[in-house]
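Trainee: Fold the stuff below for me.
(chains A and B)
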Amino acid sequence: MAFKTPDLSRRSLLKGAAVTAAATAFPAPMIWAQNIKDVTLRQFGTGVSNINEVAQKVKEDLGFTLEMTALDSDSVTQRAATQPGSFDIADIEYWICKKIWPTGNLQAMDTSKIKNYDKIVGIFRDGKLAPDSTIAQGTAPHSVGFTSGPGGTDFVDTESGWMTLIPTIYNADTLGIRPDLIGRPIDSWAELLNPEFKGKASILDISSIGIMDMAMVCEAMGEIQYGDKGNMTRDEIDKTMAIFTEAKRAGQFRAFWKSFDESVNLMASGEVVIQSMWSPAITAVKARGIPCVYQPLKEGYRSWGGGIGLSKNLSGLEQDAAYEYINWYLDGWVGGFLMRQGYYSAVPETSKNFMSADEWGYWFEGKAAEGDIANPYGAKLAGAGDVRDGGSFADRMGAVACWNSVMTENQYMVRKWNEFVAA
Amino acid sequence: MDRFLRSRTLTGWALISPVAVVLICFLILPIIVIAIVSFWQATEFSIIPAFSWENYDFLFGSPVTYRVFLNTFKYAVITWALTLAIGFTVAYFLAFHVRTLTWQITLFLLCTIPFWTSNIIRMISWIPFLGRNGIANSALMSWGVIDEPVEWLLFSDFAVILAFVHLYTLFMVVPIFNTMMRIDKSLIEAARDAGATGAQILWNVIIPLTKPGIMIGTIFVVTLVMGDFITVRIMSGSQSANVGRLISNDIGLLQYPSAAATAVVLLITVLITIAILLRFVDIRKEL
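Mentor: Numbering: from 1, shown residues only, chains lettered A, B, ... in the order given. Alright, predicted model coming up:
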């Protein structure tokens, strides 16, 4: 049987080649505008920044769809490590990154594609807020922020040009209190275990963060001297857990919380008067009209940082869209939104453009408010003359005593944590 | 060949093969996989398929395991006793004191209506009720019964057991009601004619005849309570633990082999408990 050979003359071949060359010569803008509307990026992370308003603004400003899923920190770690195909963007904290970066599920990010890289606050680049700052104990973000190159699963301690996460958000955490139910000034972490608050205290049930709060309390009580709170020895872990287990058996804690909504309910209902808290929980309680203070304490703050990472499966158009998203994120609108909840943006300068002068003065510079300060959803948080708890950015981030950490003895610490909960 | 194809054995096997396949794929195989994984090792975020006893060593060597299992049993026993008392009473009323069949069915359905709402919501709704500033405390204070809010109503063992009883009493009512309906009424008449008092009828006639129902209900309640970790976590404010919580903590931290080992131990414990219970009563008559 004879096959009819296709009529491939030299002329048609050259024609085809010329058309293809012409098509590839004018690529990005036209194809971009068409296809980007079809791109959907799946983002997941802790509830901190997985906010619907951000997804809406992304659709307006950039054109593609952002699907967000919010989970608690332990579930986030689990998903990032075991289900790499289920997400495109991971919005996670640096201590979670330390746990999962070695799995290779995230790709190294090229800092040359980040427009505002040089404006990123020093904490994330060389670890120092100001040239003379000391680096706090624990898993400091800059120590797990850089990797050797594309495909690297290690951490390097110089600004190598390849980041594990692009930093976006951070804050200094402390204890939250109900000043109306306590009635006297609180100035030390040790007050969490004060028998005066028996049955009215709480701590969070996430091992990696809770252990740092425990360490701050034990050190403030003078019971234990830590070599590095962010990397404790087994002995230190045992002693810390023993102190807290004793307090728990004595009935010091009303309950523990795992997600920030639980902490809001505990505080707002008056079940608890002093507890570990996160900044949005404080603003949520205040927005209900209940007095709640994020108390600056003399021993310092426990700090954390979060950033955006890309899944290793991301390539091509989706990858370009993701870099667009990151550049837009650092351009200020989201930064302004987050700052008005009490967080700090990794690029404060651009966020300034999206906040009113009064808001900037209140949230960042620690000045007294001139008018009413409202949260991004409109509820009033503070009136004229009020000062942000803790003061200015330099006051708060300059007083960081330790970072949320993953320790070498992590598995041992987790077992001890389970024992504490079961005790 | 024909005889073989038509034999009872082959027909029997052919008839049960769909169920057997489903059970093997979805019950037996997963349990075998869990048992295998329980012997493996783990790092921060991955599993290493290398045989080791370390998970079991740790489980049996840690005092926490024993304390937690004891706690789990404690919850199971107390819940069982309370659900039995309430369930038996309700079933007795429904079976013997309600005259018409229509009313029996209506009242029975009335009992099941709360179960159309999710378990979790029904459990969480206790929290505002029992809290320090909650409805129960406010009511008690306004009636003058107490001066200070009662602390142990919420985030305590009391709250956990209250939630368990609330959630699982129906599982006791249904089997007991079922068995009671099958009791031949003429037996009770005969006992009365023979001169037995109400209490004697209850103890000597009704209870022995409802034993299979009680046993089925017990199996339901005990297995449910021993596995339920969410109720314990929320109602105790994360301060009490049972075995389910140990497993869920391990899973949350990606320590799958350790969780698998705990799960295997729990499974064996529950199977032993049920085997012991089944020694007392033969429930095959009911099925």
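Trainee: from here on, contacts and neighbour counts on C-alpha atoms
Mentor: Noted.
Trainee: From the structure, what's the count of residues near residue 192?
Mentor: Unless you meant another one, I'm taking chain A. For residue A:192, the count of nearby residues is 28 (other C-alpha atoms under 10 Å in any protein chain shown).
Trainee: Actually, chain B is the one I wanted.
Mentor: Residue crowding around residue B:192 was assessed by other C-alpha under 10 Å; the count is 14.
Trainee: One more: the one 4 residues further on?
Mentor: The burial metric for residue B:196, expressed as a neighbour count using other C-alpha under 10 Å, is 16.
Trainee: mind checking how far the residue nearest to residue A:230 when sequence neighbours are not counted is from residue B:27?
Mentor: Closest residue to residue A:230 apart from its sequence neighbours, by C-alpha to C-alpha, 6 or more residues apart in numbering or on different chains: residue A:138 at 3.4 Å. In this view, residue A:138 and residue B:27 are 45 Å apart by C-alpha to C-alpha, to the nearest Å.
Trainee: Looking at these two, which one has more neighbours?
Mentor: Per other C-alpha under 10 Å, whichever of residue A:138 and residue B:27 has more neighbours is residue A:138, with 24 against 12.
Trainee: surely that one meets residue A:226?
Mentor: No. Residue A:138 is beyond contact range of residue A:226, at 11.4 Å (criterion: C-alpha atoms under 8 Å).
Trainee: Please identify which helix or strand holds residue 270.
Mentor: Picked chain A for this. Assigned by DSSP states H and E, residue A:270 belongs to no helix or strand.
Trainee: The chain in question should be chain B.
Mentor: Residue-wise, residue B:270 maps onto helix B:256-280 under DSSP H and E.
Trainee: So which bits of that helix are buried?
Mentor: Across helix B:256-280, burial judged by 16 or more other C-alpha atoms under 10 Å in any protein chain shown covers B:256-267, B:270, B:274, B:278.
Trainee: With stretch A:282-296 instead?
Mentor: Going by 16+ other C-alpha under 10 Å, stretch A:282-296 has these buried residues: A:282-287, A:290-296.
Trainee: Can you tell me which of these end up in helices?
Mentor: Using DSSP state H, A:282-287 are the members of the buried residues of stretch A:282-296 that sit in helices.
Trainee: Save those residues as JSON lines, and put in pLDDT and distance to chain B too.
Mentor: Converted to JSON lines, those look like this (pLDDT from 0 to 100; distance: C-alpha to the nearest C-alpha, whole Å):
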{"residue": "A:282", "pLDDT": "86", "distance to chain B": "20"}
{"residue": "A:283", "pLDDT": "83", "distance to chain B": "22"}
{"residue": "A:284", "pLDDT": "85", "distance to chain B": "18"}
{"residue": "A:285", "pLDDT": "88", "distance to chain B": "16"}
{"residue": "A:286", "pLDDT": "86", "distance to chain B": "18"}
{"residue": "A:287", "pLDDT": "83", "distance to chain B": "20"}
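Trainee: check contacts around residue A:154.
Mentor: In this structure, residue A:154 makes contact with A:101-102, A:147-148, judged by C-alpha atoms under 8 Å, 6 or more residues apart in numbering or on different chains.
Trainee: ok, the residues you listed vs residue A:213, which is closest?
Mentor: residue A:101 (24.6 Å; C-alpha to C-alpha).
Trainee: what's the neighbour count on that closest one?
Mentor: With other C-alpha under 10 Å as criterion, residue A:101 counts 24.
Trainee: With adjacent residues omitted, what lies nearest to it?
Mentor: Using C-alpha to C-alpha, 6+ apart, the nearest residue to residue A:101 is residue A:153, at 6.1 Å.
Trainee: Quick check: that neighbour vs residue A:106, distance?
Mentor: Going from residue A:153 to residue A:106 by C-alpha to C-alpha gives 9 Å.
Trainee: higher neighbour count, the two?
Mentor: Using other C-alpha under 10 Å, the more surrounded residue of residue A:153 and residue A:106 is residue A:106, with 27 against 19.
Trainee: For residue A:321, see how far away the more buried one is.
Mentor: Residue A:106 sits 16 Å away from residue A:321, going by C-alpha to C-alpha.
Trainee: before we move on, what about residue A:368?
Mentor: 40 Å.
Trainee: Can you name the residue of the stretch 1-150 of chain A nearest chain B?
Mentor: Closest residue of the stretch 1-150 of chain A to chain B, C-alpha to the nearest C-alpha: residue A:74 (5.7 Å).
Trainee: what helix or strand is that residue on?
Mentor: Assigned by DSSP H and E, residue A:74 falls within helix A:73-82.
Trainee: what packs against that helix?
Mentor: The contact analysis (3 or more C-alpha pairs under 8 Å, 6 or more residues apart in numbering or on different chains; DSSP states H and E) places helix A:73-82 against strand A:40-46, helix A:94-100, helix B:243-252.
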